[in-house]
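*Asks:* This is a predicted model, with the sequence first.
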Amino acid sequence: MVRGLGEISEDLPLIDFCNTIDTSTKILKNQNAAGQISGGKVIGSLIKLDIPERLVVVGDIHGDYGVLNTILSRIGYERYLSDDHNKLIFLGDYIDRGRRSPEVLYAVCFLKARFPQSVILMRGNHEAPAEFPFPSHDFPYRIMDLFGHDQSMSLYHQKILPLFHALCLSVVIENCFIIVHGGVPAQVPQDRPKAIETLANAQANHMTTETMEEILWNDPRDSIFDNGDFERSRRGIGKHFGRAVSSSWLRRINAKVILRGHEPCEGYKIDHQGLVFTIFSCKESYPMSKAAYLDIVSDEMIRLKSGDDLRQHMHYL
């Protein structure tokens, strides 16, 4: 791999880190302002994509730099990402818990900077510590360990948090997927235009609605208290949502499966009778779980009926 990824050591130069964060943030903001990315449209915090020629989706990484490098090596990222018709989507939670969170964040931003039309960086709940504080956010301490105390806090507030704010919250691939980090909102809009508007405005309206919180923090459950459609999450933030919510959102958007991360599992798990498919891509901090990623081509996406069809396209690490 090129310098900046495979050969990166734990003495990552501060100037390289800052320049890469700045470049990727600028690209994200420019794509948002222009309202477009190759093969799709950017509408607020939502990206609407045509079906890619090939799609790779990576779940939570949580500072597991070794797993990230293995995935990039297996997909042959240089050649793969050089084709704008291919897409590599990261579901968020790049940081916290793992030993090399700064290096992981550097790597995904490096990829966005080098292949801006092929890489999509989504926001996870761990990339929203300012909006929804939680106790396991150790990233500031990791950058202190790497770069020293004097510059780390200004780096965190002036560069890292603006980057997080520029990440998208959802991706829709019509006839195929609704892609989020945590889950779909518990309240289902009445029609498709309102559903698209709800996803697109989630970040802009996060002070007045719970939509952004729920996209980042919600979890699917097959059993909801008192046979309801949703309930407050035992995480303390977000909600648990039931099959009726998943089914309604998929009908509104005209999609088959909700793709998401957020939960440690055996590489993947299926909820709501195939309507929800969870991908998890971290091993270091979750030794009881497994890590995997999705790799699927357009013909298989077109034939997709449910999350059960995705099993054969999952690759373990």
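*Replies:* Right, received. Where do you want to start?
*Asks:* packing partners for the strand or helix carrying Pro102?
*Replies:* Pro102 is part of helix 101-114 when elements are defined by DSSP states H and E. Applying 3 or more C-beta pairs under 8 Å, 6 or more residues apart in numbering; DSSP states H and E, one finds that helix 101-114 contacts helix 14-34, helix 65-75, helix 77-81, strand 119-121, helix 139-147. C-betas here are computed from N, CA, C, even on glycine.
*Asks:* Tell me the spacing between the spatially closest residue to Thr20 that is not a sequence neighbour and Thr23.
*Replies:* Excluding the flanking residues, the one nearest Thr20 by C-beta to C-beta, 6 or more residues apart in numbering is Cys109, at 4.9 Å. To Thr23, Cys109 is 7 Å away according to C-beta to C-beta, to the nearest Å.
*Asks:* Looking at these two, which one has more neighbours?
*Replies:* Cys109 (25 against 16; other C-beta atoms under 10 Å).
*Asks:* could you list every residue that touches that one?
*Replies:* Counting by C-beta atoms under 8 Å, 6 or more residues apart in numbering, Cys109 touches 20-21, 23-24, 121, 163.
*Asks:* can you tell me which of these lies nearest to Leu317?
*Replies:* Minimum distance to Leu317 across the contacts of Cys109 is 20.2 Å, recorded for Leu121 (C-beta to C-beta).
*Asks:* close enough to count as contact, that closest one and Cys168?
*Replies:* Yes: using C-beta atoms under 8 Å, Leu121 is in contact with Cys168, at 7.3 Å.
*Asks:* For the closest residue to Arg192 other than its chain neighbours, give me the pLDDT.
*Replies:* In space, and not counting its chain neighbours, Arg192 is closest to Arg252: 5.4 Å by C-beta to C-beta, 6+ apart. With respect to pLDDT, Arg252 scores 97.
*Asks:* My read is that Arg252 contacts Gln187, right?
*Replies:* No: Arg252 is beyond contact range of Gln187, at 11.6 Å (criterion: C-beta under 8 Å).
*Asks:* Which one's more surrounded, the two?
*Replies:* Counted by other C-beta under 10 Å, Arg252 and Gln187 do not tie: Arg252 has more neighbours, with 20 against 16.
*Asks:* Assumed that one was part of a strand.
*Replies:* No: looking at Arg252 with DSSP: H, G, I helix; E, B strand; the rest coil, it is helix, so not inside a strand.
*Asks:* and it, what is it in contact with?
*Replies:* Here Arg252 is in contact with 188-189, 191-192, 194-195 (criterion: C-beta under 8 Å, 6+ apart).
*Asks:* ditto for Ser136
*Replies:* 96-97.
*Asks:* again, but for the one 3 residues further on
*Replies:* The neighbourhood of Phe139, defined by C-beta under 8 Å, 6+ apart, consists of 95-96, 101-102, 126, 129, 156, 160.
*Asks:* Can you add secondary structure and distance to Asp226 and give those back as JSON lines?
*Replies:* JSON lines is the format used below for those (DSSP: H, G, I helix; E, B strand; the rest coil; distance: C-beta to C-beta, whole Å):
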{"residue": "Ile95", "secondary structure": "coil", "distance to Asp226": "36"}
{"residue": "Asp96", "secondary structure": "coil", "distance to Asp226": "34"}
{"residue": "Ser101", "secondary structure": "helix", "distance to Asp226": "39"}
{"residue": "Pro102", "secondary structure": "helix", "distance to Asp226": "44"}
{"residue": "His126", "secondary structure": "helix", "distance to Asp226": "31"}
{"residue": "Pro129", "secondary structure": "coil", "distance to Asp226": "33"}
{"residue": "Tyr156", "secondary structure": "helix", "distance to Asp226": "42"}
{"residue": "Ile160", "secondary structure": "helix", "distance to Asp226": "41"}
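*Asks:* Quick one: the helices in the protein, in order.
*Replies:* 14-34, 65-75, 77-81, 101-114, 139-147, 149-155, 161-166, 192-200, 211-217, 243-253, 298-302 (DSSP state H).
*Asks:* Which one, of those, ends up nearest to Ile43?
*Replies:* helix 192-200 (4.3 Å).
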